[in-house]
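Colleague: give the three-dimensional model of this entry:
(one chain, ligands or ions: 2)
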Amino acid sequence: MSKQVKTIAVLTSGGDAPGMNAAIRAVTRKAIDNGLKVKGVKKGYQGLLNEEIIDLERHSVSDLSQRGGTILGTARCMEFKTEEGQQKAADVCKKYGIDGIVVIGGDGSYRGAQALARHGINTIGMPGTIDLDIACTDYTIGFDTAINTAMQAIDKVRDTSSSHERCSIVEVMGRRAGHIALWCGLATGADDILIPEKYDYNEQAIVDNIIRNRKRGHTHHIIVNAEGIGHSTSMAKRIEAATGVETRATILGYMQRGGSPTCKDRFYAAIMGCYAADIIAEGKTNRVVAYKNGEFTDFDIEEALSMQKSISEYQYRMSKIL
Ligand code: ADP
Ligand code: F6P
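Modeller: Ligands and ions are numbered 1, 2, ... in the order given. Prediction:
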């Protein structure tokens with residue numbers, strides 16, 4: 001029989017992502033609408049262990065949807081990975097009357113949610129990461145803003161590359177996944193898109209492509225390189241030596257995680273937040289909210305974590321042709 005919850009908490013964990021605030025707002029307001037009390041935990045699982053817990057009311061989350069980052073703060077917490085840490089966190093929940101937690105974060109944060117569920121706290125995960133690297137969902141909070149930020153940056157690099165007739169390697173985030181690179185690369189018409197899922201480390205092919213493009217009269221050459229491959233600066237040096245074409249590396253870095261979320265990130269984060277507040281009110285636990293095949297849905301965390309995310313073969317092949 002499912003356990004009815006009365007008081008829930010919401011926390012953000014792992015890397016921040018634009019749209020997390022819209023999610024916090026939606027969880028809070030919909031949970032209150034469902035008759036629950038809501039608390040906010042600051043700084044992820046670390047803040048839970050440190051008892052950094054605040055009350056959230058409807059008005060506490062006003063004026064939030066348009067703000068980047070997370071008002072609750074986030075952290076990576078080693079202590080919480082231990083059995084003792086997890087028991088302590090569950091004890092803190094009990095002390096504050098928290099019987100359910102909504103965790104907004106990536107795969108790692110889901111494992112934390114799973115651990116809390118094992119200790120009797122109802123948990124619901126929500127996909128918050130710019131990397132789009134969560135297998136059970138076709139959408140993650142922050143990805144849309146991050147790719148738009150990176151796309152605009154690549155467009156700007158293209159202007160200066162063209163003026164100087166240079167080759168530019170632009171490195172985008174994504175941890176071990178190439179989704180950001182694939183989307184931005186295709187959207188900006190990059191000449192080469194390097195993603196960890198497909199890259200064969202054949203630099204000669206890139207060199208040949210640059211020389212071929214020069215012969216055709218191209219004034220620039222844009223390579224979008226995923227963080228999972230990395231080493232953009234040394235790659236630039238090798239490519240310049242092999243082609244004779246001036247080559248620069250730009251590592252976009254944390255700018256991709258910040259900024260005001262796009263309409264899509266605000267909207268999806270809001271709907272997912274409402275969905276999480278609804279299923280936690282129904283007494284569901286150990287579930288993650290997802291957007292799959294055009295529908296908002298939820299999965300058991302174990303099932304979600306066992307799924308494999310892959311790059312679409314068709315999309316990758318088309319990026320090469322275009
Ligand atoms: P993300 O959630 O973005 O994947 P991390 O992998 O850094 O980010 O995980 C965020 C936090 O979740 C970690 O700092 C840790 O506190 C918790 N966590 C990660 N893995 C586990 C695990 N196996 N068991 C319990 N907690 C975990
Ligand atoms: O998961 C989001 C992300 O920005 C990744 O793209 C990147 O690999 C990682 O976080 C960087 O993490 P940190 O903030 O710990 O440097």
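
Colleague: alpha carbons only for contacts and neighbour counts from here, please
Modeller: Noted.

Colleague: what about the closest residue to ligand 1 within the stretch 151-300 of the chain, how many residues nearby?
Modeller: At 9.7 Å from ligand 1, residue 175 is the closest residue in the stretch 151-300 of the chain, using C-alpha to the nearest ligand atom. Residues near residue 175, counting by other C-alpha atoms under 10 Å, number 18.

Colleague: next up, the contacts around the closest residue to it other than its chain neighbours.
Modeller: Of all residues not flanking residue 175 in the chain, residue 228 sits nearest, at 5.5 Å (C-alpha to C-alpha, 6 or more residues apart in numbering). For residue 228, the contact set (C-alpha atoms under 8 Å, 6 or more residues apart in numbering) comprises 173, 174, 175, 176, 177, 178, 195, 196.

Colleague: can you flag the buried ones in those residues?
Modeller: 173, 174, 175, 177, 178, 195, 196 (16 or more other C-alpha atoms under 10 Å).

Colleague: check which helix or strand covers the fourth one.
Modeller: Here residue 177 is covered by no helix or strand, with elements defined by DSSP states H and E.

Colleague: pretty sure it contacts residue 196?
Modeller: Yes. If you go by C-alpha atoms under 8 Å, residue 177 and residue 196 touch, sitting 6.5 Å apart.

Colleague: shared neighbours of those two, anything?
Modeller: Residues touching both residue 177 and residue 196 by C-alpha under 8 Å, 6+ apart: 226, 228.

Colleague: quick one: residues in contact with stretch 184-195.
Modeller: So stretch 184-195 is in contact with 147-148, 150-151, 154-155, 177-179, 181-182, 206, 221-226, 228-229, 319-320, 322, going by C-alpha under 8 Å, 6+ apart.

Colleague: rerun that using 7 Å as the cut-off
Modeller: 147, 150-151, 154-155, 178, 181-182, 221-226, 229, 319 (C-alpha atoms under 7 Å, 6 or more residues apart in numbering).

Colleague: and what of stretch 39-52?
Modeller: 8-13, 53-56, 72-75, 77, 80, 88-89, 92.

Colleague: check what pLDDT the most centrally placed residue in the chain gets.
Modeller: Among the residues of the chain, the one closest to the centroid is residue 129, at 1.4 Å (C-alpha atoms, centre = their mean). pLDDT recorded at residue 129 is 98.

Colleague: how near is it to residue 15?
Modeller: 7 Å (C-alpha to C-alpha, to the nearest Å).

Colleague: pLDDT below threshold where in the stretch 151-300 of the chain?
Modeller: Along the stretch 151-300 of the chain, segments meeting pLDDT under 70 are nowhere present.

Colleague: what ranges does it have for its helices?
Modeller: Ranges of helices within the stretch 151-300 of the chain are 179-188, 203-215, 232-243, 263-281, based on DSSP state H, counting those that start in this stretch.

Colleague: okay, domains of this structure per the record?
Modeller: The record, using automatic domain parsing to delimit domains, assigns the chain the ranges 7-142+261-308, 145-257.

Colleague: close to ligand 2, is the shortest one?
Modeller: The reference is to domain 145-257. Yes. Using C-alpha under 6 Å from any ligand atom, domain 145-257 comes into contact with ligand 2 via 173, 174, 175.

Colleague: and that domain, end to end?
Modeller: 8 Å.

Colleague: out of the buried ones among the contacts of residue 228, which sit inside strands?
Modeller: The strands in this structure, assigned by DSSP state E, contain none of these.

Colleague: of the residues you listed, which pair is most distant in space?
Modeller: Farthest pair in the buried ones among the contacts of residue 228 (C-alpha to C-alpha) is 173 and 196. Separation: 11.6 Å.

Colleague: next, show the common contact partners of the two.
Modeller: Common neighbours of residue 173 and residue 196, using C-alpha under 7 Å, 6+ apart, are residue 226.

Colleague: now do the buried residues in stretch 236-256.
Modeller: 236, 239-240, 243, 245-252, 256.

Colleague: can I get those residues in JSON lines including distance to residue 103?
Modeller: Shown next, in JSON lines, are these (distance: C-alpha to C-alpha, whole Å):
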{"residue": "236", "distance to residue 103": "40"}
{"residue": "239", "distance to residue 103": "44"}
{"residue": "240", "distance to residue 103": "46"}
{"residue": "243", "distance to residue 103": "49"}
{"residue": "245", "distance to residue 103": "48"}
{"residue": "246", "distance to residue 103": "46"}
{"residue": "247", "distance to residue 103": "43"}
{"residue": "248", "distance to residue 103": "40"}
{"residue": "249", "distance to residue 103": "36"}
{"residue": "250", "distance to residue 103": "33"}
{"residue": "251", "distance to residue 103": "30"}
{"residue": "252", "distance to residue 103": "28"}
{"residue": "256", "distance to residue 103": "22"}
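
Colleague: near ligand 1, from those?
Modeller: Restricting the buried residues of stretch 236-256 to those touching ligand 1 (C-alpha under 6 Å from any ligand atom) yields no residues.
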